[in-house]
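[1] with the sequence up front, the predicted model follows.
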Amino acid sequence: MIHVATPDHWHTKPVVEAMLAGKDVYCEKPLTLTIDEGKLIRRFQKETGRIVQVGTQQRSTFPLFVTAMALAAEQIVGDDQANAMLARPYRKGFEIEMEHKLRPGAFGADR
């Protein structure tokens, strides 16, 4: 098991290199800064069959997490878009922008 705790912009390289070396990976959040980097990691994860886990406690971004998951569950956005939403810094008011797209009760959106 390799624990990647480098600065955010350095996560992709050691994650991929660890998988290529036959190691499972635990990476501090955010896993990547771009969707393309995420797709690259996913490609190598599929090719190597290694486990990649991202550390996330969802403390300050819990409302954003719930919103992203609900949008993905309702197929309003794709998984890649939901992941990109979680990779961005929390924007005040984001939950208000997206609220109208959620079906009442979707993934706990009414809580």
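    Structure received. Note that the structure is predicted; figures quoted are calculated from it, not measured.

[2] where is the longest helix in this protein?
    helix 35-48 (DSSP state H).

[3] who's in contact with the spatially closest residue to Thr6 that is not a sequence neighbour?
    Residue nearest to Thr6 in three dimensions, not counting chain neighbours: Pro14, with 6.2 Å by C-beta to C-beta, 6 or more residues apart in numbering. Yep, even glycine has a C-beta here, placed from its N, CA and C like the rest. When the contact criterion is C-beta atoms under 8 Å, 6 or more residues apart in numbering, the partners of Pro14 are Ile2, Val4, Thr6.

[4] what packs against the longest helix of the chain?
    Packing contacts for helix 35-48, counted by 3 or more C-beta pairs under 8 Å, 6 or more residues apart in numbering; DSSP states H and E, involve helix 12-20, helix 79-87.

[5] by mean pLDDT, show me the worst of those.
    The weakest mean pLDDT among the helices and strands packed on helix 35-48 belongs to helix 79-87, with a mean of 59.
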